[in-house]
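> Provide a 3D model corresponding to the input given below.
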Amino acid sequence: MISQPSVKYRPFPQVNLTDRQWPDRTITAPPMWMSTDLRDGNQALFEPMNAERKLRMFKTLCGIGFKEIEVAFPSASQTDFDFVRSLIEENHIPDDVTIVVLTQAREHLIRRTMASVVGARRAVVHIYNATSKPFRDIVFNMTKAEVIEMAVSGVNLVKEIAAGHPETEWVLEYSPETFTGTELDFALEICNAVTAAWGATPENKVILNLPTTVELATPNIYADQIEWMHRNLARRDSVIISLHPHNDRGTAVAAAELGLMAGADRVEGCLFGNGERTGNVDVVTLALNLYTQGVAPGLDFSDINAIARTSEHCTQLPIHPRHPYVGDLVFTAFSGSHQDAIKKGFAVQKPDTLWNVPYLPVDPADVGRSYDSIIRINSQSGKGGVAYLLETEYGIVMPRRLQVEFSGEVQKYTDSQGGELTAANIWELFSRTYLDSDRTVRYVDHHLFEHGNEQGIRLGVEVNGVYHLLTGEGNGPIDAAVHALKGIGAGGRIQVRSYEERSVSASDDAGNAKACAFMELMHASGGAECYGVGMDTNIVTASIKALISGVNRLELAGGVADAKAA
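Model prediction:
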């Protein structure tokens, strides 16, 4: 049973590195990046990319800023071989970009691979052979010496062929495949043999790629392995240590970060973690993790949506909506408490200051995302999210008690209807609740006049479709309107508890600025209380509309229906 301890699997042994240094280090600069989307990523697809999709992906990777791109496994198929040739012969490779091609350390495959890149300005030839004991014993039936000879022979062949094509700058990359499952002393021995065979120098460095071909242990073990190699490699100043983490344990990003802290110089991975089995390390996540720590990653993800859509087109794989930084829902809050905190964070966040918005580790605008989708409303949402959407989309800044009241209306609606509400849905519900004119009492017009030391008003309303002209006096327009409403049996039963007026950022169709009035009413007897809201280009009109909205909200229809005109 999976829930019981098992003797089927054994823990990976610890590395004998008692004075490890990586835990005390931080990453202060980006690594060298190498994209393997067109090779490792491509071979992991249900349907490998065709030429059009591969070229589109290649151009996208160049636009992001990758300077090394593994473009193919040329000996694997004619399609891959032809793609490499088309990149070179049709001049698709920018001057500052180097293509990388992969091959096993076997003579006929190396020759075919070298032929594919003839004529390139600069090319990295990446050869590999598996080095761990299971492969030596089970797959190859070879001794350690024979495995070393396989690698060295491959390097010598690359070197020989490269000498015949001096027009190309040749770089060697070597991977001891299954590095994390290989005894460290043997991994060191074979890597040193490779750099010696190539004649590595500080001016002609060898890339030693130390992959987690299969992720076997926790990221700290990988970091120990990298630091041990970093300390013990011969010709360290002539070597670029590269990482190629896979994600079998789900910790590839962490393994890469700790590997960089342990002394690595370079990272290979795919956009959004595509690759064999559970994928390669996710370069987007890794790079943006650096960005959130103040380290410029050297890759441009400022339009992450466009990159995501291109990746989905080329790979035919969807990106999970909760994928870090890029998923459609990662900058979205449904939870009421999250929405409230985010809204308050945006309210105090100042330009050109350290980012400090709760729940958002990165400013969505930095990756080309808008704020429109940050807060979305469902049955789990609260007043903060509702208020945020009305403010950002429609310019309505609600008083706090109105936020509480209206969020209750939203909650009732979502509980009964289910699903998610958009900003437009919220606005429709707000209008229906507070602004619609099809209530028992409907504002028609008004005229103000002076009456001694008081303000007088002639207020035209319709009650259940019947027009009434009401008159009242008070110490101001609102008080006068309250007294006027006594004519339909309403004014004497209400008290104005609070009143606020605010401008609305959006204008009407004629370009006139709008005002919004919020009036909190209660029964004179101290019973129920609620808000009324009015909008108009004239603030007095907006205030009177808010009063009538509140009257309707207090459900005075019974008293109004039998009232007589003043």
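
> What are the buried residues along the helix or strand that contains residue 345?
In this structure, residue 345 is located in helix 336-348 according to DSSP states H and E. Buried residues in helix 336-348, counted by 16 or more other CB atoms under 10 Å: 336, 338, 339, 340, 341, 342, 343, 346. The way it works is simple: take the backbone N, C-alpha and C, and place the C-beta from them, glycine included.

> separation between the fifth one and residue 307?
In other words, residue 341. 29 Å (CB to CB, to the nearest Å).

> what do you get for the third one?
Residue 339 is 28 Å from residue 307, where distance means CB to CB.

> Next, name the residue at the spatial heart of the protein.
residue 325 (2.0 Å; CA atoms, centre = their mean).

> What count of nearby residues applies to the closest residue to that residue other than its chain neighbours?
Excluding the flanking residues, the one nearest residue 325 by CB to CB, 6 or more residues apart in numbering is residue 288, at 4.8 Å. For residue 288, the count of nearby residues is 22 (other CB atoms under 10 Å).

> Residue 288 belongs to a strand, doesn't it?
No. Using DSSP: H, G, I helix; E, B strand; the rest coil, the assignment for residue 288 is helix, not a strand.

> for this structure, longest helix please?
helix 144-163 (DSSP state H).

> Only the buried residues of it, if you could.
147, 148, 150, 151, 152, 153, 154, 155, 157, 158, 161, 162.

> could the residues you listed go into JSON lines alongside distance to residue 203 and pLDDT?
Below are those laid out as JSON lines (distance: CB to CB, whole Å; pLDDT from 0 to 100):
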{"residue": "147", "distance to residue 203": "29", "pLDDT": "97"}
{"residue": "148", "distance to residue 203": "26", "pLDDT": "98"}
{"residue": "150", "distance to residue 203": "27", "pLDDT": "97"}
{"residue": "151", "distance to residue 203": "23", "pLDDT": "98"}
{"residue": "152", "distance to residue 203": "22", "pLDDT": "98"}
{"residue": "153", "distance to residue 203": "25", "pLDDT": "98"}
{"residue": "154", "distance to residue 203": "23", "pLDDT": "98"}
{"residue": "155", "distance to residue 203": "18", "pLDDT": "98"}
{"residue": "157", "distance to residue 203": "22", "pLDDT": "98"}
{"residue": "158", "distance to residue 203": "18", "pLDDT": "98"}
{"residue": "161", "distance to residue 203": "21", "pLDDT": "98"}
{"residue": "162", "distance to residue 203": "15", "pLDDT": "98"}
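
> if we take those residues, which one ends up nearest to residue 243?
residue 151 (19.3 Å; CB to CB).

> quick one: that closest one from residue 193, how far?
From residue 151 to residue 193 the distance is 7 Å (CB to CB).

> what does residue 504 give?
74 Å.

> With residue 54 instead?
Residue 54 is 35 Å from residue 193, by CB to CB.

> So between these two, which is more surrounded?
Taking other CB under 10 Å, residue 54 and residue 193 do not tie; residue 54 has more neighbours (22 against 17).

> On the three-state scheme, that one is what?
helix.

> How much space separates it from residue 316?
Following CB to CB, the distance that separates residue 54 from residue 316 is 13 Å.

> Verify the stated contact: residue 495 with residue 520.
No. Using CB atoms under 8 Å, residue 495 is not in contact with residue 520; the gap is 9.6 Å.

> Give me the more crowded residue out of the two.
Between residue 495 and residue 520, residue 520 has the larger neighbour count (other CB under 10 Å), namely 20 against 14.

> Can you list the buried residues in stretch 482-499?
482-491, 493-494, 496, 499.

> Stretch 218-233 - what's its average pLDDT?
Averaged over stretch 218-233, pLDDT sits at 98.

> Likewise for stretch 300-312?
Per-residue scores along stretch 300-312 average to 92.

> Let me see the ranges of the strands in this structure.
Per DSSP state E, the chain carries strands over the ranges 32-35, 68-72, 98-104, 122-130, 169-177, 206-212, 239-245, 266-269, 441-451, 454-463, 466-474, 494-507, 513-523, 529-536.

> Out of those strands, the one nearest residue 116 is which?
strand 98-104 (6.1 Å).

> Measure how that closest one sits relative to strand 68-72, angle-wise.
Going by axes from the mean of the first three to the mean of the last three CA atoms, to 10 degrees, strand 98-104 is angled at 50 degrees with respect to strand 68-72.

> Just the buried positions in strand 98-104, please.
So strand 98-104, judged by 16+ other CB under 10 Å, has buried residues 98, 99, 100, 101, 102, 103, 104.

> Mind pulling the model confidence for the residue sitting furthest away from the middle of the chain?
Most distant residue from the mean C-alpha position of the chain: residue 452, 64.5 Å away (CA atoms, centre = their mean). Looking at residue 452, its pLDDT reads 83.

> Restrict the helix holding residue 345 to CA atoms and write it as PDB.
Extracted in PDB, the C-alpha atoms of helix 336-348 (Å, rounded to 0.1, in the frame of the first residue of the first chain):
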ATOM      1  CA  GLY A 336     -12.900  38.400   0.400                       C
ATOM      2  CA  SER A 337     -10.100  39.000   2.800                       C
ATOM      3  CA  HIS A 338      -7.500  38.800  -0.100                       C
ATOM      4  CA  GLN A 339      -9.500  41.300  -2.100                       C
ATOM      5  CA  ASP A 340      -9.700  43.700   0.700                       C
ATOM      6  CA  ALA A 341      -6.000  43.600   1.400                       C
ATOM      7  CA  ILE A 342      -5.100  43.900  -2.300                       C
ATOM      8  CA  LYS A 343      -7.500  46.900  -2.700                       C
ATOM      9  CA  LYS A 344      -5.900  48.600   0.300                       C
ATOM     10  CA  GLY A 345      -2.400  47.900  -1.000                       C
ATOM     11  CA  PHE A 346      -3.100  49.400  -4.400                       C
ATOM     12  CA  ALA A 347      -4.600  52.500  -2.600                       C
ATOM     13  CA  VAL A 348      -1.300  53.300  -0.900                       C
END
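
> Which neighbouring elements make contact with it?
helix 383-394 (3 or more CB pairs under 8 Å, 6 or more residues apart in numbering; DSSP states H and E).
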